[in-house]
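# Give the three-dimensional model of this entry:
(2 chains)
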Amino acid sequence: EAGVAQSPRYKIIEKRQSVAFWCNPISGHATLYWYQQILGQGPKLLIQFQNNGVVDDSQLPKDRFSAERLKGVDSTLKIQPAKLEDSAVYLCASSLALGHGDTEAFFGQGTRLTVV
Amino acid sequence: AQSVTQLDSHVSVSEGTPVLLRCNYSSSYSPSLFWYVQHPNKGLQLLLKYTSAATLVKGINGFEAEFKKSETSFHLTKPSAHMSDAAEYFCVVSFMDTGRRALTFGSGTRLQVQP
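Alright, predicted model coming up:
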């Protein structure tokens, strides 16, 4: 079974530039998450989708971050404009739909973003 | 509100000795609890999960954890550490909140295994 795919693996940009990350979840997983993991900290949820609808985006800095999952499968996360403090690993995860009992989330390898 | 506290940021053990990584949680609802492991430059991998069945949960690679409701703890243990166990470990709490499934991560414990 293929896992969660993310690209790119690494990205270096200058502050005030924009960047986009892509995620392809495990086939059949309706729930998709984006997490931000700053060095030395645990992952923090940015946004959670159920199919193509947003379930939770309470911790997403909406003035600069945006995410979409138009067809309920792939998702993109965008930062515009980037700040130095956005340097982190961005993790995508997926799980079976809510209501299918309690299932774990499966994580991709992440995109390491460095803002200089 | 829910939260999870990992009591040690770093733990160092000798190969072949027991491992104990401590985790306490706070949740207004019946939680589900997980331990994930993160090796350098690799994705997060599920070690084990507790979802209101048996309180002693066995996971992969010889790890296990015991859910203690009275102590609000979910400590991770392994009888004998191996060099390959060196990694970052995260305790995660999850519960259903108004139709969402919120996953809250602890700050992580870095396990070092000395030869």
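# What pairs with the host helix or strand of A:A93, parallel or antiparallel?
A:A93 is part of strand A:88-95 when elements are defined by DSSP states H and E. Here strand A:88-95 has these sheet partners by DSSP bridges: strand A:31-37 (antiparallel), strand A:106-107 (antiparallel), strand A:111-115 (antiparallel).
# pLDDT (mean, whole number) over the last one?
Read that as strand A:111-115. For strand A:111-115, mean pLDDT rounds to 97.
# Distance from that strand to the middle of the chain?
13 Å (Cα atoms, centre = their mean, to the nearest Å).
# Mind listing what's buried along that strand?
Of all the residues in strand A:111-115, those buried under the rule 16 or more other Cβ atoms under 10 Å in any protein chain shown are A:111-113, A:115. From N, CA and C alone the C-beta is placed, and that goes for glycine too.
# Could you pull up the residues touching the closest residue to chain B within chain A?
Of all residues in chain A, A:G42 sits closest to chain B, at 3.5 Å by Cβ to the nearest Cβ. Residues near A:G42 by Cβ atoms under 8 Å, 6 or more residues apart in numbering or on different chains: B:90, B:105-108.
# Now for those, which sits with the most neighbours around it?
Of all the contacts of A:G42, B:G106 has the most neighbours under the rule other Cβ atoms under 10 Å in any protein chain shown, reaching 25 neighbours.
# Would you check how far apart that one and A:D63 are?
28 Å (Cβ to Cβ, to the nearest Å).
# right, quick check: stretch A:54-73 against chain B, any contact?
Yes: contact of stretch A:54-73 with chain B (Cβ under 8 Å from any Cβ of the partner chain) involves A:55-56.
# first to last residue in that stretch, what's the distance?
The first residue of stretch A:54-73 is 13 Å away from its last residue (Cα to Cα, to the nearest Å).
# for chain B, longest strand please?
strand B:87-97 (DSSP state E).
# Next, A:D86: phi, psi?
phi -80, psi -10 (degrees, to the nearest 10).
# start to end distance for stretch B:58-71?
End-to-end distance for stretch B:58-71, by Cα to Cα: 19 Å.
# and what of stretch B:35-50?
Per Cα to Cα, stretch B:35-50 runs 9 Å from first to last residue.
# Give the buried residues for that stretch.
Buried-residue list, stretch B:35-50, by 16+ other Cβ under 10 Å: B:35-38, B:43-44, B:46-50.
# same check, this time on stretch B:15-34
B:19, B:21-25, B:27, B:31-34.
# Where does pLDDT dip in the chain?
All of this is about chain A. When residues are selected by pLDDT under 70, those of chain A lie in A:1, A:97-103.
# my bad, chain B
B:1, B:96-102.
# ok, the residue nearest to B:S12 when sequence neighbours are not counted - contacts?
Excluding its sequence neighbours, the residue lying closest to B:S12 (Cβ to Cβ, 6 or more residues apart in numbering or on different chains) is B:Q112, at 4.3 Å. Taking Cβ under 8 Å, 6+ apart, we find B:Q112 in contact with B:10-13, B:86.
# run the last query once more with 7 Å
B:10, B:12, B:86 (Cβ atoms under 7 Å, 6 or more residues apart in numbering or on different chains).
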